[in-house]
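Visitor: Coordinates for the following, if possible.
(chains A and B)
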Amino acid sequence: MSIIVNLDVMMAKRKISSNDLAERIGITPANLSVLKTGKAKAIRFSTLEALCRELDCQPGDILEYRS
Amino acid sequence: MWSKDKSLFLSKALVKALFAVLIIAAFFVPGVTQWYDSISAKPPIWVELSIVLYVSLIPALILMVSLDRLLANISKGEVFVGKNVKLLRIISWCCFAAGFVYLVFGFVRYTAFLIGFVIAFMGIILRVLKNVFAEAVSLQTESDYTI
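Guide: This is a model prediction of the structure:
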């Protein structure tokens, strides 16, 4: 897939675990894992907003495009 | 009050009942075909008719087993999944196989052409349904992997 999700990097920078982040943004750890591993086909704006809020970052810090 | 669960239960019961009827009827095929010959003014065909019925029984039984598995998957909540698409494909091919048997028998008795055509038509409808299910699987996967 051309869109890379750099969630691991941001989570390491903010020192937050998967379970904590999943609980804070209101998704299951399994779904967060789907996002982290690049298996997700789409992300809702509400989920992206919650991630940016909890990780104090911009969407571009989490999502990267590679051609 | 009628419900989705009751409907599913009825479908499963009917499939199992029809499966049992087919198995039991298999034992009576020679008797029934000979009786048919006895009341028919046309030349005897009980041997050919028995062969047709027994040969078409094979895809019929495979179809019933596939239907049973399809209903079992649906009752587990697995509706738009790849294995159900495969089951629908098998069911449609069973209809084509049975229809072909009757179409061939149609050269002996013309009414079998009509039976074969109807069965093959059902197979086409099921094939289109399979295509619809395959698209639904794609949409379901898209939905499941939207976080």
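
Visitor: you'd agree residue A:57 is up against residue A:7?
Guide: No: counting by Cβ atoms under 8 Å, no contact exists between residue A:57 and residue A:7, whose distance comes to 10.1 Å. For the C-beta atoms, the positions are set from N, CA and C on the backbone; glycine is no exception.

Visitor: all helices in chain B, in order from the N-terminus.
Guide: B:4-39, B:46-75, B:82-105, B:111-144 (DSSP state H).

Visitor: hmm, the last one in reach of chain A?
Guide: Yes: part of helix B:111-144 sits close enough to chain A to count as contact by Cβ under 8 Å from any Cβ of the partner chain, namely B:141-142.

Visitor: between residue A:57 and residue A:7, who's got more neighbours?
Guide: Neighbours were counted for residue A:57 and for residue A:7 using other Cβ atoms under 10 Å in any protein chain shown; residue A:7 has more, 21 against 16.

Visitor: leaving aside the residues next to it on the chain, what's closest to the more buried one?
Guide: Among residues not flanking residue A:7 along the chain, residue A:36 sits closest, at 4.8 Å (Cβ to Cβ, 6 or more residues apart in numbering or on different chains).

Visitor: Give the full set of residues in contact with the one you found.
Guide: Residue A:36 makes contacts with A:5, A:7-8, A:18, as judged by Cβ atoms under 8 Å, 6 or more residues apart in numbering or on different chains.

Visitor: Make a ChimeraX selection of whichever of those residues turn out to be buried.
Guide: A single ChimeraX command selects the buried members of the contacts of residue A:36 (16 or more other Cβ atoms under 10 Å in any protein chain shown):
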select /A:5,7,18
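
Visitor: so which of the contacts of residue A:36 comes closest to chain B?
Guide: Taking Cβ to the nearest Cβ as the measure, residue A:5 is the one of these closest to chain B, at 9.7 Å.

Visitor: Go ahead and confirm the closest one touches residue A:34.
Guide: No: Residue A:5 is beyond contact range of residue A:34, at 9.8 Å (criterion: Cβ under 8 Å).

Visitor: overlap in contacts of those two?
Guide: By the contact definition Cβ under 8 Å, 6+ apart, residue A:5 and residue A:34 are jointly contacted by residue A:40.

Visitor: Would you mind naming what in chain B lies close to chain A?
Guide: With Cβ under 8 Å from any Cβ as the criterion, chain B meets chain A at residues B:141-142, B:145-147.

Visitor: Can you tell me which of the residues you listed has the most neighbours?
Guide: Going through the residues of chain B next to chain A with other Cβ under 10 Å as the criterion, the one with the most neighbours is residue B:147, at 23 neighbours.

Visitor: For that one, give me its contacts.
Guide: A:27, A:31-32, A:34-35, A:40, A:42-44, A:47.

Visitor: hang on, residue A:16 in a helix?
Guide: No: secondary structure assignment (DSSP: H, G, I helix; E, B strand; the rest coil) places residue A:16 in coil, not in a helix.

Visitor: For the residue nearest to residue A:7, what are phi and psi?
Guide: Comment: the main-chain dihedrals of residue A:36 come out as phi -60, psi -40, following degrees, to the nearest 10.

Visitor: Retrieve the pLDDT associated with it.
Guide: Reported pLDDT at residue A:36 in the predicted model: 93.
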